[in-house]
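Visitor: requesting a structural model of the entry that follows:
(2 chains)
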Amino acid sequence: MRWQRILSSRFFIVPMVIVVSVIGWNLYVMQHDHGLLQGHVVDASGHPVDGATVILFAHDFVTQVEKARTRTDAAGTFQFDNNDSHLVQLQAQDGTARSRRITIRLWFRAQDRVLQKPLRLAPGA
Amino acid sequence: MTHRDRQLLWLRHTALIVISIVMLAPFYWVLKASITGENIYDYPPHLWPVRPNLFNFVDVWYLIPFPRYLLNSIIVSLIAVAGNLVLNAIAGYALTLPFIGRRSVIVLLLSCTLIPFQATIIPAYLITAHLGLLNSYLGLALPLLSTIVCIFVFKASFDAVPRSLIDAARIDGLGDLRILLRVMLPLSTAAVATNVVLSFIWSWNNFLWPLIITRTQDMQTLPLGLARFLSYMEDTTAALYAFVVMVLAPGLLVFLMAQSAFMRGLTTGATKG
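Guide: Next comes the predicted model:
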């Protein structure tokens, strides 16, 4: 009876809810923190671009600094597998064509993410 | 209920609602700024959040050692709460017992509440230094291990316990410590809750003392982290307010959980003659 009262008390339930939420969140993070960032690069007409360079900028307290580069494959797909930041920017370039630098905000460091919108190259952008 | 009574009731509730809105508006503004990134000086201001998101909280978590500050604050607050419960309960119980000079002790304690902590901070620092507790968790919690207000909360609550119960316990062979543990404290849950809430919030929000006795960033607590964050990130209002919300949230949670008992604890013995 006494234990039942303790277990149904808000002084027990609220901390337990917090503990369970924290454990659950950390389990989720552990399964999704491989630092993978995937996306596509397309040209102005929407066709995949092979061999375009994609630059990863990471947030460095107050500025964005370049952290890594990669190239797209024949399908215009690129992948970074070493992102350890929670706030990054991506920009693609191919010759004189560049895409806009897009900001990607992640829920935790090194979160795996597949970009839904492609990086679109624009001549002289 | 007459028509006039009903009118007065409406009037009273309307006034209370208006006062509540005025008092809660700054909190709402802080919360809104933390989830929108809107500049608080924007004109005209938006009443409702525009494109709310929680990414500012993620920024705060990673841009500074927030988890470390949080852990330090939790440890220091737990030590302060434990110290308050043990020391204040013993002191409060002692003040309910008859002894020579009891009145003088009460007057002395009450008069000490008039002295601000800033005036005694140098002796407090020297004592902490002599004990070798600078830059330690115990040193951070030391000045809040016992607070006079909380001693009197316990005293008021213990005074409300019928003497016959204490006499009966004494006849049954219980000593003072066991009377305190077995009789007084179970009958004073409101005072316990008040002690927990007050000591937790005071310790959680304490800024000056940790500023003085911490030597390394590893030992800093959340209020110091907030000041450090402000000096680094003075142009990011949203992250700053997200930090404020994260600092406020645990204190609010503890208060809301113990709210009813807290109110009872403050008013126990208020009408005692």
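
Visitor: any idea how far residue B:261 is from residue B:195?
Guide: 10 Å (CB to CB, to the nearest Å). Yep, even glycine has a C-beta here, placed from its N, CA and C like the rest.

Visitor: any weak-confidence spans in chain A?
Guide: A:61, A:124-125 (pLDDT under 70).

Visitor: how about a cut-off of 90?
Guide: Scanning chain A for pLDDT under 90 picks out the ranges A:1-12, A:44-46, A:59-65, A:82, A:94-97, A:122-125.

Visitor: swap in the stretch 1-150 of chain B?
Guide: In the stretch 1-150 of chain B, residues with pLDDT under 90: B:1-7, B:29-30, B:33, B:36-53, B:56, B:59-60, B:62-64, B:98, B:113, B:116-118.

Visitor: where does it get nearest to chain A, residue-wise?
Guide: The minimum distance from the stretch 1-150 of chain B to chain A, using CB to the nearest CB, falls at residue B:55 (4.4 Å).

Visitor: residues contacting that residue?
Guide: A:87, A:105, A:107 (CB atoms under 8 Å, 6 or more residues apart in numbering or on different chains).

Visitor: in terms of helices and strands, where is residue B:249?
Guide: helix B:237-257 (DSSP states H and E).

Visitor: kindly report the same for residue B:14.
Guide: helix B:3-36.

Visitor: report the buried residues of the helix or strand following that helix.
Guide: As assigned by DSSP H and E, the chain's next helix or strand after helix B:3-36 is helix B:55-63. Neighbour counts over helix B:55-63 (16 or more other CB atoms under 10 Å in any protein chain shown) mark B:55, B:56, B:57, B:58, B:59, B:60, B:61, B:62, B:63 as buried.

Visitor: now the fifth one: closest residue in space that isn't a chain neighbour?
Guide: In other words, residue B:59. residue B:239 (4.8 Å; CB to CB, 6 or more residues apart in numbering or on different chains).

Visitor: follow-up on the earlier one: the helix holding residue B:14 to helix B:237-257, inter-axis angle?
Guide: 140 degrees (axes from the mean of the first three to the mean of the last three CA atoms, to 10 degrees).

Visitor: which helices and strands does helix B:3-36 pack with?
Guide: helix B:55-63, helix B:237-257 (3 or more CB pairs under 8 Å, 6 or more residues apart in numbering or on different chains; DSSP states H and E).

Visitor: so for residue B:115, which of those helices sits nearest?
Guide: helix B:237-257 (25.1 Å; CB to CB).

Visitor: residues in contact with the closest one?
Guide: A:10-11, A:14, B:30-31, B:33-40, B:56-57, B:59-60, B:63, B:66, B:73-74, B:196-197, B:200-201, B:204-205, B:222-223, B:225-226, B:229-230, B:233, B:262.

Visitor: and the residue nearest to residue B:36 when sequence neighbours are not counted, what does it touch?
Guide: Spatially, and ignoring its direct neighbours in sequence, residue B:36 is nearest to residue B:49 (4.8 Å; CB to CB, 6+ apart). Residue B:49 is in contact with B:32, B:35, B:36, B:38, counting by CB under 8 Å, 6+ apart.

Visitor: near chain B, which residues of chain A?
Guide: A:10, A:11, A:14, A:61, A:62, A:86, A:87, A:105, A:106, A:107, A:108, A:109 (CB under 8 Å from any CB of the partner chain).
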